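Visitor: Would you be able to build a 3D model of this:
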Amino acid sequence: MLFCNTVPIVIFPPEIICKCMSTKHQMEQRQHCLAITKVEGIRTFLSGTLRLIHLLPSTAVQYLNYFRQEILLPVPPPTTSTAAGTTITSNTTNNNKYNCIGKATCSKEIKVGMRPRDFIQMGMALTAAVIILYIAINPPQRAWKEARKLRNFFGSSKQDQNFQETPKAIHYKCGLPKQCPLDHFAFHILSGAANVIGPKICFEDQIIISSAKNNIGAGLNIVLINGETGKTLKFDSFNMYSGKVEDLLKFMKDVKPGTIALVASFDDPGTKLTNEARDIFVKLGSSMIKSVGFRDSWVFAGAAGIAQNSPFEKHVKNEKEKNVYDGWPEIVEVSGCFPRKR
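Guide: Reported below is the predicted structural model:
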């Protein structure tokens, strides 16, 4: 019990007991007061718990003794009457025994059984003991599983029987909705958003370029992959608004047959694209590169030497009436399983 201005204050909660210490000359004692209060609260809780645990065994033993203990109740001594010179002593009544040998008073031996209330009290005491023991030996994270086992033991409703734990979500490479078949590579390409959020290219569950990696740039972001091993050969970005298209041509010049090309646009991918540069992507399987223009959104996955148009390509034109962003169209993305070169 603590006092504040000679007025006792209950020890819970700490904010109440110590709010009186808000004046300037008492601020130094406030933290000490809070610490003492919390310690006292824990001590009181533990003390009460230990007292309950201590009383439960003695209470159980007390009730169990009813089964085997004979209770001696004091009773009056046997009556003795004298009539016409004859002494009559009565030492038994209703088949009950008296113990009067060598004693001034007698005791009556009575077999006492447990009353219904005694059974209830003993059951409550034992139940409390079991609950305390269960809480002590079982961690909280096991409580739900144990509760379900107990519910199933006593029977549950049809709805509960049909209940199943939510299965853990299965992660497939690059976030695809299913696993790719053998001899295929998983990939996911996401274009940039306006000139703010950069593109992202994932191949075989490895993020190759992204804003988080700080290795993207405005224009065309290109990654070249070995079509047999799936190893990243090289990647770079080429500014198609203020850069040189010759840098793009030089980068794509030595592409060998079977090499996989992954392309994502950011900001402006088409202003400086020449016919020569566009023909390179046509040979990789692109069917939309001819129409890619200023600030369009474009993503593409193809391979050198492909005999047909690639199905992995998306293109959205920059149209003022349809643009999602101010001056730029929406984000586009493409993903799937690219066949390995045989």
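
Visitor: Quick check: which ranges of this protein have low pLDDT?
Guide: 1-115, 135-167 (pLDDT under 70).

Visitor: Start from the N-terminal end of the stretch 151-300 of the chain and give the helices.
Guide: Secondary structure of the stretch 151-300 of the chain (DSSP state H, counting those that start in this stretch): helices at 158-162, 245-253, 275-283.

Visitor: which residues touch residue 209?
Guide: Residue 209 sits next to 199-201, 215-216, 221, 223, 235, 237, 264 when contact means CB atoms under 8 Å, 6 or more residues apart in numbering. Just so you know, the C-beta spots here come from the backbone N, C-alpha and C atoms, and that holds for glycine as well.

Visitor: Reformat the helices of the stretch 151-300 of the chain as TSV; add distance to residue 174 and mean neighbour count.
Guide: Formatted as TSV, those follow (distance: least, CB to CB, whole Å; neighbours: other CB atoms under 10 Å):
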stretch	distance to residue 174	mean neighbour count
helix 158-162	35	9
helix 245-253	24	15
helix 275-283	22	16
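
Visitor: returning to that earlier point: pull out the buried members of the contacts of residue 209.
Guide: Using 16 or more other CB atoms under 10 Å as the burial test, the contacts of residue 209 include 199-201, 216, 221, 223, 235, 237, 264 as buried.

Visitor: Return the residues in contact with the closest residue to residue 265 other than its chain neighbours.
Guide: Leaving aside its chain neighbours, residue 265 sits nearest to residue 298 (4.4 Å; criterion: CB to CB, 6 or more residues apart in numbering). Residue 298 is in contact with 191, 263-265, 269-270, 288-289, 292, 313-316, 332, counting by CB under 8 Å, 6+ apart.

Visitor: Can I get the buried ones among these as something I can paste into PyMOL?
Guide: Of the contacts of residue 298, the buried ones go into a single PyMOL selection, burial set by 16+ other CB under 10 Å:
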select buried, resi 191+263+264+265+269+270+288+289+292+313+315+316+332
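
Visitor: Is it possible to get TSV of the contacts of residue 298 that adds distance to residue 250?
Guide: Below are the contacts of residue 298 laid out as TSV (distance: CB to CB, whole Å):
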residue	distance to residue 250
191	24
263	16
264	20
265	20
269	18
270	19
288	24
289	18
292	20
313	24
314	27
315	25
316	29
332	27
